[in-house]
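Student: when you get a sec, could you give me coordinates for this:
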Amino acid sequence: PGAVRLGPDGLLYIASGDAVVNMLPGAPRTGTIVRIDPDRVAPAPRIVARGLGMPNGLTFDSAGRLYVADGNLGVLRIGPTGAVDERWSAHAPKNLAPSRVANGTGINGIMAVDGDLFVTLTVSGTGRVLRVPIAAPGATSVAADITRPLPGVLDDLASLDRRTLAVTTPTGQLAFVDLVTGSVCSTTVGQPVTAVAVRPGRGEQLMLSAESGEILAVTVRR
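Tutor: Down below sits the predicted model:
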């Protein structure tokens, strides 16, 4: 799994196929999005989307539409039938297509905040987070540069509120981005962290997964 997210229907959606080999151009598109009912003792997984490359991150917008950060294909919108919305996705950032804005590769984490998608690049010249307007994905811009002026490696992200993102790095940092000012501050977690989620009802507490296999709780003081 590359990501686990609670859907608007109360079910869990899981990005399956997060393997490096699936990121290679021309690799078989075996990635899927799987849905399960977390309230069932023995949940029966159901595939709701097929034919993806390396689905690493996923998120839902306020209208309940599903978006996937695919390390092979780029940023995708998935339609209600499980098919890729080709018309929308054609204008969104692609993997292995560096540009002045997308100054790296490896579409990784994704989070919807109001009318925008925020997307991390696994490797980029400045540890970049992209802002992708949902209404105009071709107008992608820079949301933040986490490690400027140095290159950076980013992974997952979550929104603490409408103006603050938390971003994890495999090098052991947890960075916070102010979306209004673009300012960044970071702290060292002490070990590589791969995913982050805000604990429901506890907006000041983040849950992090670490490469050691541990789940870490981090309390944010502001």
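Student: the spatially most central residue of the chain: which element?
Tutor: With distances taken as C-alpha atoms, centre = their mean, the chain has Gly109 as the residue nearest its mean C-alpha position (1.9 Å). Using DSSP states H and E, Gly109 sits within strand 104-113.
Student: ok, then the element right after that strand?
Tutor: Where DSSP H and E defines the elements, the next helix or strand beyond strand 104-113 is strand 116-124.
Student: Provide a list of residues in contact with the nearest residue to Leu179 once chain neighbours are set aside.
Tutor: Take Leu179 and drop its neighbours on the chain: the residue closest to it by C-beta to C-beta, 6 or more residues apart in numbering is Arg163, 4.8 Å away. In short, each C-beta sits where N, CA and C put it, glycine included. The contact partners of Arg163, taken as C-beta atoms under 8 Å, 6 or more residues apart in numbering, are Asp178, Leu179, Val180.
Student: equivalent analysis for Val119, please.
Tutor: By C-beta under 8 Å, 6+ apart, the contact list for Val119 reads Gly57, Ala69, Val75, Pro93, Ile107, Asn108, Gly109, Ile110, Val129, Leu130, Val132.
Student: in the protein, which spans are helices?
Tutor: Applying DSSP state H to the chain gives helices spanning 86-89.
Student: flag the shaky bits of it, pLDDT-wise.
Tutor: 203 (pLDDT under 70).
Student: now the residue nearest to the centre of the chain: how far from Ala217?
Tutor: Separation of Gly109 from Ala217 (C-beta to C-beta, to the nearest Å): 20 Å.
Student: centre of the chain to the edge, which residue is at the far end?
Tutor: Computed with C-alpha atoms, centre = their mean, the residue of the chain farthest from its C-alpha average is Val41, at 28.1 Å.
Student: could you pull up phi and psi at that one?
Tutor: Main-chain torsions, Val41, degrees, to the nearest 10: phi -60, psi -40.
Student: Arg5 versus that one, what's the distance?
Tutor: Taking C-beta to C-beta, one finds Val41 at 22 Å from Arg5.
Student: with Asn72 instead?
Tutor: Remark: distance between Asn72 and Arg5 (C-beta to C-beta) = 20 Å.
Student: those two: which is more packed in?
Tutor: Neighbours per residue, other C-beta atoms under 10 Å: of Asn72 and Arg5, the larger number sits with Asn72, 24 against 18.
Student: ok, the more buried one - contacts?
Tutor: Applying C-beta under 8 Å, 6+ apart, we find Asn72 in contact with Asn22, Met23, Leu24, Pro25, Ala27, Arg29, Gly31, Leu52, Gly53, Met54, Asn95.
Student: want to throw those into JSON lines with neighbour count?
Tutor: As requested, those are exported to JSON lines (neighbours: other C-beta atoms under 10 Å):
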{"residue": "Asn22", "neighbour count": "21"}
{"residue": "Met23", "neighbour count": "21"}
{"residue": "Leu24", "neighbour count": "14"}
{"residue": "Pro25", "neighbour count": "8"}
{"residue": "Ala27", "neighbour count": "15"}
{"residue": "Arg29", "neighbour count": "17"}
{"residue": "Gly31", "neighbour count": "26"}
{"residue": "Leu52", "neighbour count": "24"}
{"residue": "Gly53", "neighbour count": "24"}
{"residue": "Met54", "neighbour count": "28"}
{"residue": "Asn95", "neighbour count": "25"}
